[in-house]
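S.K.: generate coordinates for the sequence data below:
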Amino acid sequence: MSVRDQGRRIEAAVVDSTPVGDSVEIRMRRAQDAAERAQKAEDEARAVAQEAKADAERVKQISERGRTHLREIERHSDREVKQRVGEAQKAAEKFVRRERQAAEADAEEQRKEVAEEVEGEIADARRDAEQSHQDAEELVAEAADKLAEARRLAEEAAEAARAAAEDAQRQARELAGQAESQAKVADTKVKTTEELHDRLVTSAKQTARALNQETTNGLSSYSKAELVDLAAGVDIRGRSTMTKKELVAALKRASRRQ
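M.R.: Below you'll find the model as predicted:
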């Protein structure tokens, strides 16, 4: 609130507090008192205003100093931030270099280990391959020997087969000749047998006719040998073991059948 506004408020307060009907002197004194109080109030207001102005000036100065300090703090902070960022970047770069070097060292060591393992495996594989090649050569040589032996045995077998075939052909020719001779002999025997059969049939018929003509006493007059011959003529089985009486009875039965 300004000083003028404060004076107006005091004047209004004096007018309101003056009782109606008082004398002029009293009113003048009261007005003077009021003026003095107003002056005093105005002085106080001026003092307050000056103090407020001083405070405002101090506030302004403080504000200026604060802004200046803030700008300085900001610049300092920027410098510090930049410095710390730079230091952090440097530290990060150093850390990255150390890590890269460590990683490269580990990778190199691992590469060496792997290379040694690979070389060892390659060496083992070469030894195995050489051993396998040697074994294969031995097996090939052994197979060649066995093949040569098999060929020799096959040639021997073929030669034996040819010899056996020639021998079999020779034997077959001999057997064929023998069979042909035997066939001729068999034909001769068949013809002889047929002729003998015809003679036997003729003899049997003659014997049967003779038996029909003979009486019991007539057969009994034959000798056993003659009865056996008669029994052979009519094909009586078991005649060689029969007695004379049995031969006579068998001849009579054969005569009745005829």
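S.K.: only alpha carbons, please: show stretch 78-90 as CSV.
M.R.: Backbone C-alpha positions of stretch 78-90 (Å, rounded to 0.1, in the frame of the first residue of the first chain) are rendered in CSV as follows:
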residue,chain,number,x,y,z
ASP,A,78,28.9,-27.5,-17.4
ARG,A,79,32.6,-27.5,-17.0
GLU,A,80,32.5,-30.1,-14.3
VAL,A,81,30.0,-32.2,-16.4
LYS,A,82,32.2,-31.8,-19.5
GLN,A,83,35.2,-32.6,-17.4
ARG,A,84,33.6,-35.6,-15.8
VAL,A,85,32.2,-36.8,-19.1
GLY,A,86,35.6,-36.4,-20.7
GLU,A,87,37.2,-38.2,-17.8
ALA,A,88,34.5,-40.9,-18.0
GLN,A,89,35.1,-41.1,-21.8
LYS,A,90,38.8,-41.4,-21.2
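S.K.: give me the distance from that stretch to the chain's centre.
M.R.: The chain centre lies 59 Å from the centre of stretch 78-90; the measure is C-alpha atoms, centre = their mean, to the nearest Å.
S.K.: again, but for stretch 102-117
M.R.: 33 Å.
S.K.: what average pLDDT does stretch 106-116 get?
M.R.: Per-residue pLDDT over stretch 106-116 has a mean of 84.
S.K.: one more: stretch 58-72?
M.R.: Confidence for stretch 58-72, expressed as mean pLDDT, is 83.
S.K.: ok, stretch 167-185 next?
M.R.: Mean pLDDT, stretch 167-185: 77.
S.K.: buried residues, it. List them.
M.R.: Buried residues in stretch 167-185, counting neighbours by 16 or more other C-beta atoms under 10 Å, are absent. Placement of C-beta: from N, CA and C, glycine included.
S.K.: tell me how far residue 105 lies from residue 66.
M.R.: Here residue 105 is placed at a distance of 55 Å from residue 66 (C-beta to C-beta, to the nearest Å).
S.K.: ugh, wrong one, residue 126
M.R.: Noted for residue 126: a distance of 84 Å to residue 66, by C-beta to C-beta.
S.K.: kindly report the same for residue 234.
M.R.: Look at residue 234 and residue 66: by C-beta to C-beta, they are 173 Å apart.
S.K.: since that was my last question, I'll sign off now.
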